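> 3D, please:
(one chain, ligands or ions: 2)
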Amino acid sequence: MTGALGQIGSELVPALRERNGTDDVVASDIRRPHASTPGVQGPFEFVDCTNTRQLQEVVRRYNIDTIYHLAAILSAVAEEKPLVAWQVNMGGLYNVLEVARTNRCALFVPSSIGAFGPTTPADHTPQDTVQHPTTMYGITKTAGELLCNYYYVRFGVDTRGVRYPGLISHITPPAGGTTDYAVEIFYEAIRHRPYTSFLAADTRLDMMYMPDAIKAAIDVMEADAARLIHRNAFNVTAMNFTPTEVAEAIRRRIPDFVIRYQIDPVRQAIADSWPNSIDDSAAREEWGWDPSYDLETTTDDMLKHLEEKLANDEE
Ligand code: NAD
Ligand code: AKB
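Ligands and ions are numbered 1, 2, ... in the order given. From the prediction side, this is the model:
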């Protein structure tokens, strides 16, 4: 797995190790794990996905058969550093596809609701529709979807992927995305501090709790290929809400919780270019996608875990 120390990787590595055995999952990143990093036991390698030689060497040394390519620059950081985002998201993906082709590996690559743009139908966005994203992140995601399809059609590489919405989790904080508010708000609620949202009160976006995101990654890779009409970039979602609605869900459990708003124009423009809600019926029909968590169950679980985590941090 590339980018294994990030928000998704830090939970996907332990989930895959649980299924396949610790030694059979090689985590890699351009950062080194700390002793406190979740799932730190097991093989770890330094791999920069923009360096084909490093990728190739690790894939051959461990006889890797499946690559989960999670290394990427997320939407808000990509607007600050568009060239770096292009180099990592496109250059890194190209290298990983080539290494998958030459070593006959299956490949999971996550796309995002960021692959859609302002001219995409905003409600119940279909699986196959207009994709003219206006952000560097979205451009790399849309091109990445096409490139993964190309490697399947042209070279037979077993590429698969989903378009994740904003992901909510309590283990590793998100790193530079537009949907990060939907995680930060829970941390501040547990600290009994007001939360200042950088997105406007009525900005509606799709979201998903991390256990469902992990399930999606594993299930799409294990899906019966004969049933797949699409391969890459399946729309998947679990809920959609606005900052006001998630704040209300928290307030039903923590009555003194307060949300304030101070709009960040860059992240607001990104969010405004993304759909309000996506249609994930193709994933449901082709590989049985069925998320378990909605806003209420996510809120209960996030608050429970963060209460324990932040209490331990203070000890
Ligand atoms: P993240 O930013 O938390 O983690 C990415 C990891 O990649 C980091 O640990 C970083 O150190 C590493 N990295 C950066 N540059 C690298 C390089 N050159 N070589 C190797 N590693 C490098 O990201 P995430 O949230 O875990 O996202 C993983 C994937 O899922 C990305 O493709 C992202 O676009 C996609 N996705 C994430 C979300 C979300 O809400 N988290 C939503 C939609 C799609
Ligand atoms: C981001 O906000 O950049 C990500 C995503 C939805 O792709 N969380």
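> Listing partners with orientation, what would you give for the longest strand along the chain?
Secondary structure of the chain per DSSP state E: the longest strand is strand 205-209. Applying DSSP bridges, strand 205-209 is found paired with strand 166-168 (parallel), strand 239-241 (antiparallel).
> Same list, those strands, but as TSV with mean pLDDT please.
Compiled in TSV, those are given as follows (pLDDT from 0 to 100):
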stretch	mean pLDDT
strand 166-168	98
strand 239-241	98
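> Rebuild these as TSV, extending it with mean neighbour count and distance to ligand 2.
Heads up, the C-betas are built off the backbone N, CA and C, glycines and all. Output for the strands paired with strand 205-209, formatted as TSV (neighbours: other Cβ atoms under 10 Å; distance: least, Cβ to the nearest ligand atom, whole Å):
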stretch	mean neighbour count	distance to ligand 2
strand 166-168	26	5
strand 239-241	21	12
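> can you list the ones you listed in TSV and add distance to ligand 1?
Shown next, in TSV, are the strands paired with strand 205-209 (distance: least, Cβ to the nearest ligand atom, whole Å):
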stretch	distance to ligand 1
strand 166-168	3
strand 239-241	13
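> Can you lay out these as a markdown table showing distance to Asp280?
Shown next, in a markdown table, are the strands paired with strand 205-209 (distance: least, Cβ to Cβ, whole Å):
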| stretch | distance to Asp280 |
| --- | --- |
| strand 166-168 | 14 |
| strand 239-241 | 11 |
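> Which parts of the helix or strand hosting Leu55 count as buried, going by neighbours?
Leu55 belongs to helix 52-61 when assigned by DSSP states H and E. For helix 52-61, the neighbour count (16 or more other Cβ atoms under 10 Å) marks Thr52, Gln54, Leu55, Gln56, Val58, Val59 as buried.
> which non-adjacent residue is nearest the third one?
Right, Leu55. Spatial nearest neighbour of Leu55, excluding adjacent residues (Cβ to Cβ, 6 or more residues apart in numbering): Val99 at 4.7 Å.
> shouldn't that neighbour be in contact with Arg53?
No. At 9.9 Å, Val99 does not count as touching Arg53 under the criterion of Cβ atoms under 8 Å.
> could you pull out the strands for the stretch 1-150 of the chain?
Ranges of strands in the stretch 1-150 of the chain, per DSSP state E, counting those that start in this stretch, are 27-29, 44-46, 66-68, 106-108, 111-112.
> Is ligand 1 within reach of the first one?
Meaning strand 27-29. Yes. In terms of Cβ under 6 Å from any ligand atom, part of strand 27-29 sits within range of ligand 1, namely Asp29.
> Now tell me what touches that strand from outside.
1-6, 9, 13, 33, 39, 42-47, 58, 71 (Cβ atoms under 8 Å, 6 or more residues apart in numbering).
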